[in-house]
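>>> just to be clear, the model below is a prediction. Sequence and coordinates:
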Amino acid sequence: MMYRDEVIWCDGCGVEITWNPVVVENRFYCCQDCAQGYSCNCGERMELDEELRNSGAESAPAQTGYQV
């Protein structure tokens with residue numbers, strides 16, 4: 001796993017990017033939707049992931065509707 005010393009924020013929605021960003025013209029985006037100017041739900045997904053980690057449920061499969 002690669003760790004970064006700097007925090008990367010999405011230039012579209014402002015969410016903290018803790019995964020590989022989408023880079024367009026030297027700007028960082030959390031997803032392709034933000035890179036294209038559309039709204040996204042990455043912030044909601046991050047909150048759900050954090051809740052699962054904090055509850056100790058990370059070993060249980062999440063029912064988020066996202067495919068990994």
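Looks like it arrived, so ask away. Bear in mind that the values here come from a model prediction, so they are computed numbers and not experimental data.

>>> from now on I want contacts and neighbour counts done on CA atoms only, so please keep to that.
OK.

>>> ranges for the helices of the chain?
32-35, 42-55 (DSSP state H).

>>> may I see the buried residues of the shortest one?
Translated: helix 32-35. Residues C34, A35 are the ones in helix 32-35 that count as buried (16 or more other C-alpha atoms under 10 Å).

>>> over to the longest one?
For helix 42-55, a neighbour-count test (16+ other C-alpha under 10 Å) marks C42, D49, L52 as buried.

>>> what of stretch 16-31?
E16, I17, P21, V22, F28, Y29, C30, C31.

>>> just the terminal-to-terminal distance for that stretch.
Start-to-end span of stretch 16-31 (C-alpha to C-alpha, to the nearest Å) is 12 Å.

>>> what sits up against that stretch?
V7, I8, W9, C10, D11, G12, V15, Q32, A35, C40, C42 (C-alpha atoms under 8 Å, 6 or more residues apart in numbering).

>>> which one (most neighbours) among these?
A35 (22 neighbours; other C-alpha atoms under 10 Å).

>>> before we move on, the earlier item: I'd like the buried residues of stretch 16-31 as CSV, with pLDDT appended.
Below are these laid out as CSV (pLDDT from 0 to 100):
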residue, pLDDT
E16, 91
I17, 92
P21, 94
V22, 96
F28, 96
Y29, 96
C30, 95
C31, 95
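
>>> make a markdown table out of these and add distance to G56.
What follows is the buried residues of stretch 16-31, written out as a markdown table (distance: C-alpha to C-alpha, whole Å):
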| residue | distance to G56 |
| --- | --- |
| E16 | 22 |
| I17 | 22 |
| P21 | 27 |
| V22 | 30 |
| F28 | 31 |
| Y29 | 29 |
| C30 | 25 |
| C31 | 27 |
